[in-house]
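S.K.: Please find the sequence and the predicted model below.
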Amino acid sequence: MPELPEVETTRRGIAPHLEGQRVSRVIVRDSRLRWPIPEDLDVRLSGQRIVQVDRRAKYLLIQAEVGTLISHLGMSGNLRLVEAGLPALKHEHVDIELESGLALRYTDPRRFG
């Protein structure tokens, strides 16, 4: 399970690439995670500018212009930046694509996030 230092390292790694960027679309490949992903997540986030990336305990808070996306890495999850459109592997469940051409990709083999 990612501990607090790993979650903070993740936040510090992704924040400079996300803050100020606009979401172009959200791709949910598998919504059967521990916490269900809303079916309208793409509608809610597309077009929104990411204002700030924070951490509260082991939760990552991605604050958009309207609303906040809350993410927990669970037992084995991770968030990483990839090129938008890069083919996904088996356990890569969600991409948040940005207008910059990058995507924030959520991966979790155990689907506990």
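M.R.: Good, I have the coordinates.
S.K.: I figured residue 52 hits residue 16, correct?
M.R.: No: judged on Cβ atoms under 8 Å, residue 52 makes no contact with residue 16 at a distance of 11.5 Å. (Glycine included, C-beta is placed from N, CA and C.)
S.K.: Mind checking which of those two has more residues around it?
M.R.: Between residue 52 and residue 16, counting by other Cβ atoms under 10 Å, residue 52 is the more crowded of the two (13 against 9).
S.K.: Now do the same for the more buried one: its pLDDT.
M.R.: The per-residue pLDDT reported for residue 52 equals 98.
S.K.: go on, residue 75?
M.R.: The per-residue pLDDT of residue 75 was computed as 83.
S.K.: And it, its phi and psi?
M.R.: phi -80, psi -40 (degrees, to the nearest 10).
S.K.: Would you check how far apart it and residue 109 are?
M.R.: When Cβ to Cβ, to the nearest Å is the yardstick, residue 75 and residue 109 sit 9 Å from each other.
S.K.: Ok, residue 40 next?
M.R.: Taking Cβ to Cβ as the measure, residue 40 and residue 109 are separated by 26 Å.
S.K.: Name the residue in the two with the higher neighbour count.
M.R.: More crowded of residue 40 and residue 109, by other Cβ under 10 Å: residue 109, with 14 against 9.
S.K.: in terms of contact, does that one touch residue 93 like I think?
M.R.: No: taking contacts as Cβ under 8 Å, residue 109 lies outside contact range of residue 93: 9.9 Å.
S.K.: Figure out how far stretch 44-58 is from the centre of its chain.
M.R.: Using Cα atoms, centre = their mean, to the nearest Å, we find the averaged C-alpha position of stretch 44-58 to lie 9 Å away from the chain's own average C-alpha position.
S.K.: how would you label residue 86: helix, strand or coil?
M.R.: coil (DSSP: H, G, I helix; E, B strand; the rest coil).
S.K.: I figured it was touching residue 104, is that so?
M.R.: No: here residue 86 does not reach residue 104: they are 12.0 Å apart, not a contact under Cβ under 8 Å.
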